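In: Structure here, sequence nowhere to be found:
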């Protein structure tokens with residue numbers, strides 16, 4: 001059962017900062033590798049959310065990149 005990943009505004013900004021940093025300091029190849037790795041990670045978490053700790057509220061799993 002795949003769950004939906006909900007991004008907070010703070011998480012979106014943080015991910016965008018990472019991408020901007022990669023854009024400035026790394027090659028396109030390395031940026032693509034990061035995006036592929038991140039995509040695989042998110043797919044794994046959607047399929048197996050129990051791998052992350054639950055938050056104290058609701059049925060939410062948390063992760064910090």
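Out: Yes, it's here. If you're wondering where the values come from, they're calculated on a predicted model, not measured in any experiment. Residues are numbered from 1 along each chain as shown.
In: Check the gap between residue 4 and residue 49 for me.
Out: Plainly put, residue 4 is 10 Å away from residue 49 if you go by C-beta to C-beta, to the nearest Å. In this view, the C-beta of every residue, glycine as well, is placed from N, C-alpha and C.
In: okay, those two: which has more neighbours?
Out: Taking neighbours as other C-beta atoms under 10 Å, residue 4 and residue 49 compare with residue 49 leading, 17 against 5.
In: okay, that one: pLDDT?
Out: Note on residue 49: pLDDT of 84.
In: If we ignore the residues flanking it in sequence, what's nearest residue 23?
Out: Spatial nearest neighbour of residue 23, excluding adjacent residues (C-beta to C-beta, 6 or more residues apart in numbering): residue 31 at 6.4 Å.
In: Show me which residues of the helix or strand hosting that neighbour are buried.
Out: Under the criterion of DSSP states H and E, residue 31 resides in helix 28-47. Across helix 28-47, burial judged by 16 or more other C-beta atoms under 10 Å covers 31, 45.
In: What is that helix packed up against?
Out: Counting contacts by 3 or more C-beta pairs under 8 Å, 6 or more residues apart in numbering; DSSP states H and E, helix 28-47 packs against helix 9-25.
In: quick one on the thing from earlier: would you check how far apart the residue nearest to residue 23 and residue 20 are?
Out: The gap separating residue 31 from residue 20 is 10 Å, by C-beta to C-beta.
In: try residue 8
Out: Distance of residue 8 to residue 20, computed by C-beta to C-beta: 18 Å.
In: rewinding a little: so how far is the helix holding residue 31 off the chain centroid?
Out: 8 Å (C-alpha atoms, centre = their mean, to the nearest Å).
In: Give me the angle between that helix and helix 9-25.
Out: 160 degrees (axes from the mean of the first three to the mean of the last three C-alpha atoms, to 10 degrees).
In: isn't residue 2 right up against residue 44?
Out: No. Between residue 2 and residue 44 there is no contact under C-beta atoms under 8 Å: 10.5 Å.
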